[in-house]
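> Quick one, what's the 3D model for this:
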Amino acid sequence: MARYTGPKTKIARKFHEPIYGPDKSYEKKPYAPGMHGQNRRRSKTSEYGIQLNEKQKAKYTYGILERQFRKLYSEASRRGGITGEELMKLIEARLDNVVYRLGIARSRAQARQLVSHRHIAVNGNVVNVPSYSLREGDVVSVRERSRSLEVITDALASRANNYPWLEWDNANMCGKFVNYPQRSDIPETINEQLIVDLYSK
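Predicted coordinates for the structure are as follows:
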């Protein structure tokens, strides 16, 4: 899952929304994949099927493996608070996701590659683990020798989104993970309660 390299539009059509971002191909055919996708009669999806589908959507959206996802859920269930919201906070605190949110990369897949190739540092130390979990106050920066990379400069030139839980310093190409986000601030349309219900069985 974390290294899915197949057609992204097909996955977006499976979940009936462009989970990987703006997609012209999806806009042309916003229905299930397959030659009969638009006219196929589908049987009513079971409660389990709905819950599983929501978990799969979250995994594809963030590029997380099943083992990683279950580990995040276990940690979220141990924390005080609403388990579903805690799960989303932990997912958003992953290094690859924060690199994407800061605008250093155009996609989460690209962010994972930048981290894996040692272009990103946390608190001044190079970290090459995309699933690294950030803590409040951590500073994520682009390494000095990597600041002229075209893929990074192009991404930063078009960055538009600003998130209340992140601070960006364009002059020093670094961002601060101020705090864990509130669920209402996370733009992804994921019903985390369905995931909690699935794992609670």
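
> Could you report the pLDDT at the residue nearest to the spatial centre of the chain?
Among the residues of the chain, the one closest to the centroid is Tyr62, at 3.0 Å (Cα atoms, centre = their mean). At Tyr62, the model reports a pLDDT of 93.

> Check the one 5 residues further on too.
If you check Arg67, the pLDDT there is 93.

> Could you do Thr9 as well?
Looking at Thr9, its pLDDT is 72.

> number of nearby residues for it?
Using other Cβ atoms under 10 Å, Thr9 has 19 other residues around it. For glycine as for every other residue, the C-beta is placed from the backbone atoms N, C-alpha and C.

> And what about it, helix, strand or coil?
Three-state assignment for Thr9 (DSSP: H, G, I helix; E, B strand; the rest coil): helix.

> Just the terminal-to-terminal distance for stretch 104-120.
Using Cα to Cα, to the nearest Å, the end-to-end distance of stretch 104-120 comes out at 10 Å.

> List the buried residues in it.
For stretch 104-120, burial by neighbour count (16 or more other Cβ atoms under 10 Å) applies to 104-106, 108-115, 119-120.

> Please verify my assumption that the residue nearest to the centre of the chain contacts Ser107.
No. Between Tyr62 and Ser107 there is no contact under Cβ atoms under 8 Å: 11.4 Å.

> could you point out the longest helix in the chain?
When the chain is parsed with DSSP state H, its longest helix is helix 47-62.

> Pull out the buried positions in that one.
Within helix 47-62, the residues that count as buried by 16+ other Cβ under 10 Å are Gln51, Asn53, Glu54, Lys55, Gln56, Lys57, Ala58, Lys59, Tyr60, Thr61, Tyr62.

> And that helix, what does it pack against?
Packing partners of helix 47-62 (3 or more Cβ pairs under 8 Å, 6 or more residues apart in numbering; DSSP states H and E): helix 66-78, helix 192-199.

> With only the CA atoms kept, save it in PDB.
The C-alpha atoms that make up helix 47-62 are tabulated as PDB, following Å, rounded to 0.1, in the frame of the first residue of the first chain:
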ATOM      1  CA  GLU A  47     -22.000  -2.600   7.400                       C
ATOM      2  CA  TYR A  48     -18.600  -4.400   7.500                       C
ATOM      3  CA  GLY A  49     -18.100  -3.500   3.800                       C
ATOM      4  CA  ILE A  50     -18.700   0.200   4.500                       C
ATOM      5  CA  GLN A  51     -16.300   0.200   7.500                       C
ATOM      6  CA  LEU A  52     -13.600  -1.700   5.500                       C
ATOM      7  CA  ASN A  53     -14.000   0.700   2.600                       C
ATOM      8  CA  GLU A  54     -13.500   3.700   4.800                       C
ATOM      9  CA  LYS A  55     -10.300   2.200   6.300                       C
ATOM     10  CA  GLN A  56      -9.000   1.400   2.800                       C
ATOM     11  CA  LYS A  57      -9.700   4.900   1.700                       C
ATOM     12  CA  ALA A  58      -7.700   6.300   4.600                       C
ATOM     13  CA  LYS A  59      -4.800   3.900   3.900                       C
ATOM     14  CA  TYR A  60      -4.700   4.900   0.200                       C
ATOM     15  CA  THR A  61      -5.000   8.600   0.900                       C
ATOM     16  CA  TYR A  62      -2.100   8.600   3.400                       C
END
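
> Okay then, goodbye and thanks.
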